[in-house]
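> Turn this into a model:
(one chain, ligands or ions: 2)
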Amino acid sequence: MKSRAAVAFGPGKPLEIVEIDVEPPRKGEVLVRITNTGVCHTDAFTLSGEDPEGVFPAVLGHEGAGIVVEVGEGVTSVKPGDHVIPLYTAECGECLFCKSGKTNLCVAVRATQGKGVMPDGTTRFSYNGQPIYHYMGCSTFSEYTVVAEVSLAKINPDANPEHVCLLGCGVTTGIGAVHNTAKVQPGDSVAIFGLGGIGLAAIQGARQAKAGRIIAIDTNPAKFELARTFGATECLNPKDFDKPIHEVLIEMTGWGFDHTFECIGNVNVMRSALEAAHRGWGQSIVIGVAGAGKEISTRPFQLITGRTWKGSAFGGVKGRTQLPGMVEDAMKGEIDLAPFVTHTMGLDDINKAFDLMHEGKSIRTVIHY
Ligand SMILES: NC(=O)C1=CN([C@@H]2O[C@H](COP(=O)(O)OP(=O)(O)OC[C@H]3O[C@@H](n4cnc5c(N)ncnc54)[C@H](O)[C@@H]3O)[C@@H](O)[C@H]2O)C=CC1
Ligand SMILES: N[C@@H](CCC(=O)N[C@@H](CSC=O)C(=O)NCC(=O)O)C(=O)O
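Numbering: from 1, shown residues only. Ligands and ions are numbered 1, 2, ... in the order given. The predicted structure follows:
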């Protein structure tokens, strides 16, 4: 079948809106009509050429919502008409990782996903007879996409897809990192670096966890109003100080924060976030994605004196088990999604969504087909 898609033909190039060919789903695969997709900083990261796993040409996009059109052989957990959210972190329930009870990092399709192909090693997309690669197992920048069954969460069909698509990545990542990775407790102090979709969602998670002090940090003060709405108790711009921001944070608290979250992808900020964590027990959660060749460092003394560095992928959330409940929470108003959607537009304008993100003018642009 034909499908309108925004194709990344090469790193650093604007996406091109073309009609691609999409093959039917094979064994264990599902054809989904995407109704809405958010544009996340990770899409921009991969498009920039910084992603070691970036392959081109590809259909990017991983924060979508859609409806099942057709299922391949052996698919039992979804059927045509079901409303779904594609998962870049699959959940097979059977691999070592799924069974461990310790992580959401299922490996069922991860190796092929990282190469831009389906589990059988081939692509379902092509353009003028040439293969087009998949992205993060989702490729939501195509109206019709093929994903593995294990990469689909079935959700309430009454949910608003323009909002719940954000649970496919950004909002789940931020909220999940607070609850599942950091396990923030009532009264804990929290500092969040970077107030995009991820950082703002982490603020919302911190408020849900009844954190005490919630400090929001960004070099763009235009983000502060929404941060306060979501629960930040104070907002700081590192540019307003003549000393490193972690020194400012330690002075504000005495010994640092119980939990810090890096939601930018800047290795220097990751160090600041670690060093702003409380002596003896503070932990810093790396959420931001940094480019090829970037590495984090700190004085080992920072760890010897009790700080812990952790990372979080998709907020530690097991997508097929937990995402349907998070959709219900959003429908009940317990997760507030609407304020994240600062812009909506059609697929033809998707490059504007990237511009708005780079200019710091959007939180999330949601594309509709
Ligand atoms: N680990 C995971 O599962 C996931 C990671 N990510 C990553 O999280 C990061 C954030 O994603 P989005 O919120 O979509 O990005 P975004 O671009 O919307 O937000 C980033 C924010 O950081 C601020 N910022 C930039 N440099 C700063 C600095 N030096 N100090 C303070 N603030 C600074 C920007 O002004 C902006 O508000 C990205 O690296 C993305 O790739 C995104 C989704 C899931
Ligand atoms: N491919 C990159 C790393 C990209 C990365 O870290 N992705 C995050 C999700 S970002 C979502 O918007 C993640 O969860 N990674 C875990 C995974 O299994 O993909 C690289 O190779 O450095």
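> Test my guess that residue 205 contacts residue 179.
Yes: assessed by Cβ atoms under 8 Å, residue 205 is found in contact with residue 179 at 5.9 Å. Every residue, glycine included, has its C-beta placed from N, CA and C.
> Distance of the most centrally placed residue in the chain relative to ligand 1?
Taking Cα atoms, centre = their mean, the centroid of the chain lies closest to residue 169, which sits 3.3 Å from it. Taking Cβ to the nearest ligand atom, to the nearest Å as the criterion, residue 169 is separated from ligand 1 by 5 Å.
> what residues are up against that residue?
With contact set as Cβ atoms under 8 Å, 6 or more residues apart in numbering, residue 169 has these partners: 38, 40, 42, 62-63, 88, 197, 314.
> Contacts only, for the closest residue to it other than its chain neighbours.
Distances taken as Cβ to Cβ, 6 or more residues apart in numbering put residue 63 closest to residue 169, at 4.0 Å, once the chain neighbours are dropped. Taking Cβ under 8 Å, 6+ apart as the criterion, residue 63 is in contact with 37-40, 138, 140, 165-166, 168-170, 364.
> Now narrow those residues to whatever sits close to ligand 2.
Among the contacts of residue 63, the residues that sit close to ligand 2 (Cβ under 6 Å from any ligand atom) are 40, 169.
> Which one (most neighbours) among the contacts of residue 63?
Neighbours here mean other Cβ atoms under 10 Å. Within the contacts of residue 63, the largest count is held by residue 37, at 37 neighbours.
> Just confirm that residue contacts residue 366, I think it does.
Yes: using Cβ under 8 Å, residue 37 and residue 366 qualify as a contacting pair, with a distance of 7.1 Å.
> What are the buried residues along stretch 228-235?
230-233, 235 (16 or more other Cβ atoms under 10 Å).
> Neighbour count: residue 205 and residue 179, which is higher?
For residue 205 and residue 179, the more surrounded residue by other Cβ under 10 Å is residue 205, and the numbers stand at 30 against 16.
> OK, contacts around whatever residue of the stretch 251-369 of the chain ends up closest to ligand 2?
In the stretch 251-369 of the chain, the residue found nearest to ligand 2 is residue 313; the distance is 3.1 Å by Cβ to the nearest ligand atom. The neighbours of residue 313, taking Cβ under 8 Å, 6+ apart as the test, are 89, 104-105, 173.
> so which strand or helix has residue 186?
Counting by DSSP states H and E, residue 186 is held by no secondary-structure element, helix or strand.
> so what's it up against?
Taking Cβ under 8 Å, 6+ apart as the definition, contacts of residue 186 comprise 209-212.
> which of those residues are buried?
Restricting the contacts of residue 186 to buried positions leaves 209, 211, with burial counted as 16+ other Cβ under 10 Å.
> Same list (the contacts of residue 186) but as TSV, adding pLDDT, secondary structure and distance to ligand 1.
TSV is the format used below for these (pLDDT from 0 to 100; DSSP: H, G, I helix; E, B strand; the rest coil; distance: Cβ to the nearest ligand atom, whole Å):
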residue	pLDDT	secondary structure	distance to ligand 1
209	98	coil	19
210	98	coil	23
211	98	coil	19
212	98	coil	22
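> Just send the contacts of residue 186 back as a markdown table, with distance to ligand 2 too.
Formatted as a markdown table, the contacts of residue 186 follow (distance: Cβ to the nearest ligand atom, whole Å):
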| residue | distance to ligand 2 |
| --- | --- |
| 209 | 22 |
| 210 | 27 |
| 211 | 24 |
| 212 | 29 |
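> quick one: which two of the contacts of residue 186 are the most distant?
By the measure Cβ to Cβ, 209 and 212 form the most distant pair in the contacts of residue 186, at 10.1 Å.
> Skipping its backbone neighbours, what lies nearest residue 149 in space?
Of all residues not flanking residue 149 in the chain, residue 75 sits nearest, at 4.8 Å (Cβ to Cβ, 6+ apart).
> Can you classify that neighbour by secondary structure?
Put simply, residue 75 is coil when judged by DSSP: H, G, I helix; E, B strand; the rest coil.
> thought it was touching residue 30?
Yes: when contacts are counted by Cβ under 8 Å, residue 75 is listed as touching residue 30 (5.9 Å).
> got any residues that touch both of these two?
When contacts are counted by Cβ under 8 Å, 6+ apart, residue 75 and residue 30 have residue 149 as shared neighbours.
> if I look at residue 133, how far off is residue 88?
Here residue 133 is placed at a distance of 14 Å from residue 88 (Cβ to Cβ, to the nearest Å).
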